[in-house]
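Chemist: Mind looking at a prediction? Sequence and model below.
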Amino acid sequence: MILLRITTLVTIFIFAIFAIAASLSPATARIAQNLNTQDMDRSVKPGDDFYRFANGGWLRTVAVPAGQPSYGTSAMLMEQTSERVRDLIQEAAAAKPAIGRVAEKVGAYYASFMDEAAIEARGLTPLANEMATVSMISDKTSLSAYLGTTLNREADGLTANADHIFGVWVNQSFEDSGHYVFHLLQGGLGMPDRDDYVDPSPRMAVLRAQYQSHIAAILKQGGFADSERRAGRILALEIRLARAHAPDADAADVFKQNNPWKRGDFDVKAPGMDWDAYFTSAGVAGQPEFIVWQPSALTGTSALVGGESIDLWKDYLRFHLIEHYASVLPKAVATEDFAFYGTILSGAQQTPDRSKGAITATNGALGQAVGQLYTQRYFPPEAKAKAQAMVADLITAYRSRIANLTWMSAETKKKARAKLDALTIGVGYPDTWIDYSTLEVVRGDAFGNMRRAEAFNRLHNLAKLRQPADPAEWRIDPQAVGAVIVFSPNAEFFTAGILQPPYFDSQGDAASNYGSAGAGIAHEISHSFDELGNIYDSQGRLGRWWTTEDSAKYRAAAARLVTQFDGYCPFSDLCVQGTQVLNENIADLAGLLVAHDAYVLSLQGKTDVVIGGLSGEQRFFLAFAQRWRKAQGETVLRRQIATDNHPPGEYRSDTVRNVESWYKAYEITPGDKLYLKSEDRVEVW
């Protein structure tokens, strides 16, 4: 996805605490807690194999947990954060805080989801009112009106197939950065991918037969007779929907997504649906402008609304209504749901503990409420201030780097500086939280809570259409272990979940912070100025701002990095594909260089302390190498090299070969295996 990118480029690490000799001062001992020196292998020369020098001790002892393809510090951090979030939510459920507080709503939502006895006692009666509404659909107008009520907030621009026939993402347009606009996305398929419906292979034919059986089983759970026949007709309808859908590959081309439609265009370009009825019931009757991401899906779906029988659509809606709420319906429904989506589609053999589903559901409904609980305990204001100070140093370093780039023309540098000046970077958590005071959460009413939370989030989303676009709007929950780049607008966000010790420790060693978290943040910032970021201007509007000469010089400089990575061969018959991983390698190099500049700036001319026999410079590069550690078998590594646009961590660690300061810090000499002559070191940034 170009417009919005939830990224795994920033890698997160857990470091065990290193015990420092008692002779050190208390302040130094506290700083040393975010060093990971016990995982090093000092018998390895850093100039021969820096990855194993930094991680050799850890690599000898780590084991990949059963059922996981690989294991690294990122996975470890996710485990820790998941446990923290679980504990916070469960504590809120047990404590029953004062009514109205975010903790009370969080606890009540979780407790209700876990109250299986209450869910079983109610059976399918919570669906009765809406089932009656579906039964009353009698013509195209009432069908269109009902479909409008299903328009939910989707996963902010990432959804290739929305949960209902259309999804909405409210964001600025591709041409106007000042206003929010209604982005309309394709949807309505019960299986994840368009190809699941149109691929003629025998394997996919089997999958479609299994899905049809699942549809029939769900309808039977709902008490509908002749479920097999109905299921066959529903699958046929979804196949017709899928044929109208744009392929997922189109999501890689933002220019195919940018299709501005006026309200009047819908009646002309997409006849069949009663658009007045649809938009009125969706709550956006007065919306004048839209961005239609997949016009073919809109046109095709609308034609099917106008052309297929009302009875078929009613069966389709009944099935999807039960499916949508399966997690808060009796166990028989949830079990059937898991049998298809968990086992057949995902390969899971055992139903996960219900508490995990309850945590996921609570996070989904009350993301920022959980985020408030998380940051109050694990990311205080002083941590945010320290992270913001590091980001400020990174921006200063980028400003200097841009000024000295040899591949950018003077005019392009002006545009790059303007984009850097306009870049919004959020760290930790939002300055203003979502106000959940109007959301009613009732203990013992899991279904009602889900319905009310969906309605609340939908209205919260649509209300933005009446407000100026806000580049500081958070697009990720603070407790998530991750970061997000929103190219339109020009913004990036790094969560409290990712800014954890020792990846980032506000009370810890600055050298390690800058070498790990700093390099990760700087990596992401670089994407706003590379060939991907070249698509968007300083306000996140579409428009290439490099010259043809800039592009040629950039690619010439980058070609040397392709050659460097082509030479990394973990197996005699398999080497890294330098072109495939180029964009991420350039970002790694930019991130390392800029983070080092920022680290030096943070010292304000002073020399950093020596800890555990390591200088600040050495700790900086050590932290960078430890970012990338991962245990994985040969099969997984081969698959990564074949399919991933990120190279294996070992070779990402070797980015240091291109940085003069690393040579000085570890006294690397021409006889060392990683040594590169100065003229062979790649300089893009």
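Modeler: That came in fine, so what should we check first?
Chemist: from here on, contacts and neighbour counts on C-alpha atoms
Modeler: Noted.
Chemist: Which parts of the stretch 251-400 of the chain are strands?
Modeler: 260-262, 289-292 (DSSP state E, counting those that start in this stretch).
Chemist: Out of these, the one nearest Asn152 is which?
Modeler: Among the strands of the stretch 251-400 of the chain, strand 289-292 comes nearest to Asn152, with 15.8 Å by CA to CA.
Chemist: same for the closest one, what does it pack against?
Modeler: strand 180-186, strand 260-262 (3 or more CA pairs under 8 Å, 6 or more residues apart in numbering; DSSP states H and E).
Chemist: got the CA coordinates for that strand in CSV?
Modeler: C-alpha atoms of strand 289-292 as CSV (Å, rounded to 0.1, in the frame of the first residue of the first chain):
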residue,chain,number,x,y,z
GLU,A,289,-16.7,14.8,-3.1
PHE,A,290,-15.3,11.3,-2.9
ILE,A,291,-12.2,9.4,-3.8
VAL,A,292,-13.1,6.1,-5.4
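Chemist: Sheet-wise, list the partners of that strand with their directions.
Modeler: Sheet pairing for strand 289-292, assigned by DSSP bridges, gives strand 180-186 (parallel), strand 260-262 (antiparallel).
Chemist: What residues of that strand count as buried?
Modeler: 289-292 (16 or more other CA atoms under 10 Å).
Chemist: again with stretch 431-440
Modeler: Here stretch 431-440 shows 436, 439-440 as buried, counting by 16+ other CA under 10 Å.
Chemist: quick check, nearest of the residues you listed to Ala519?
Modeler: Tyr436 (35.6 Å).
Chemist: Now for the residue lying closest to His214 once chain neighbours are set aside: which residues touch it?
Modeler: Distance criterion CA to CA, 6 or more residues apart in numbering; nearest residue to His214, sequence neighbours excluded, is Phe340 at 6.6 Å. Counting by CA atoms under 8 Å, 6 or more residues apart in numbering, Phe340 touches 210-211, 214.
Chemist: which stretches of the stretch 551-685 of the chain form strands?
Modeler: Under DSSP E, counting those that start in this stretch, the stretch 551-685 of the chain gives strands at 630-632.
Chemist: Give me the number of neighbouring residues for Ile344.
Modeler: Neighbours of Ile344 under the rule other CA atoms under 10 Å: 14.
Chemist: Could you check how far it is from His179?
Modeler: Noted for Ile344: a distance of 43 Å to His179, by CA to CA, to the nearest Å.
Chemist: Below-threshold pLDDT in the stretch 401-550 of the chain: ranges please.
Modeler: Along the stretch 401-550 of the chain, no part satisfies pLDDT under 70.
Chemist: could you pull out the helices for it?
Modeler: Assigned by DSSP state H, counting those that start in this stretch, the helices in the stretch 401-550 of the chain fall at 410-422, 446-463, 510-513, 519-526, 548-566.
Chemist: Contacts for the first one, please.
Modeler: Helix 410-422 has contacts (CA under 8 Å, 6+ apart) with 395, 399, 402-403, 490, 529, 537-539, 545-547.
Chemist: Just the buried residues from those residues, in PyMOL please.
Modeler: Buried members of the contacts of helix 410-422, defined by 16+ other CA under 10 Å, are picked up in PyMOL with:
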select buried, resi 395+399+402+490+529+537+538+539+545+546
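Chemist: Tell me the one among the contacts of helix 410-422 nearest to Arg240.
Modeler: For the contacts of helix 410-422, the nearest to Arg240 is Asn490 (37.6 Å; CA to CA).
Chemist: ok, that closest one touching Leu542?
Modeler: No: counting by CA atoms under 8 Å, Asn490 sits too far from Leu542 to count as a contact (11.2 Å).
Chemist: Once you drop chain neighbours, what's closest to Val610?
Modeler: Gly616 (6.4 Å).
Chemist: What are the phi and psi values at Met273?
Modeler: Main-chain torsions, Met273, degrees, to the nearest 10: phi -80, psi 150.
Chemist: how many neighbours does it have?
Modeler: Neighbours around Met273, by other CA under 10 Å: 25.
Chemist: from memory it sits against Gly300, does it?
Modeler: No: under the criterion of CA under 8 Å, Met273 makes no contact with Gly300, lying 10.3 Å away.
Chemist: Where does pLDDT dip in the stretch 1-150 of the chain?
Modeler: Ranges of the stretch 1-150 of the chain meeting pLDDT under 70: 1-34.
Chemist: Okay, helices next: where are they in it?
Modeler: According to DSSP H, counting those that start in this stretch, the helices that the stretch 1-150 of the chain contains are 26-31, 50-61, 73-95, 102-114, 116-122, 128-135, 140-149.
Chemist: distance of Asn129 from Ser138?
Modeler: As judged by CA to CA, Asn129 and Ser138 stand 17 Å apart.
Chemist: picking up where we left off before, who wins for proximity to Trp474 among the strands of the stretch 251-400 of the chain?
Modeler: strand 289-292 (21.2 Å).
Chemist: Report the contact partners of Leu235.
Modeler: 208, 212.
Chemist: Name the helix or strand for it, please.
Modeler: Assigned by DSSP states H and E, Leu235 belongs to helix 227-244.
Chemist: any idea how far that helix is from the chain center?
Modeler: Mean-position distance between helix 227-244 and its chain equals 31 Å (CA atoms, centre = their mean, to the nearest Å).
Chemist: And for stretch 264-282?
Modeler: 32 Å.
Chemist: What of stretch 588-600?
Modeler: In terms of CA atoms, centre = their mean, the centre of stretch 588-600 is found 24 Å from the chain centre.
Chemist: for it, what is the average pLDDT?
Modeler: What stretch 588-600 shows for mean pLDDT is 98.
Chemist: Need the residues that contact that stretch.
Modeler: Outside stretch 588-600, the residues within contact range by CA under 8 Å, 6+ apart are 390, 393-394, 396-398, 401, 510-511, 514-515, 518-526, 620, 624, 652, 655-656, 658-659, 684-685.
Chemist: at 7 Å instead, please
Modeler: Residues outside stretch 588-600 that contact it (CA atoms under 7 Å, 6 or more residues apart in numbering) are 393-394, 397-398, 511, 514-515, 518-520, 522-523, 526, 655, 685.
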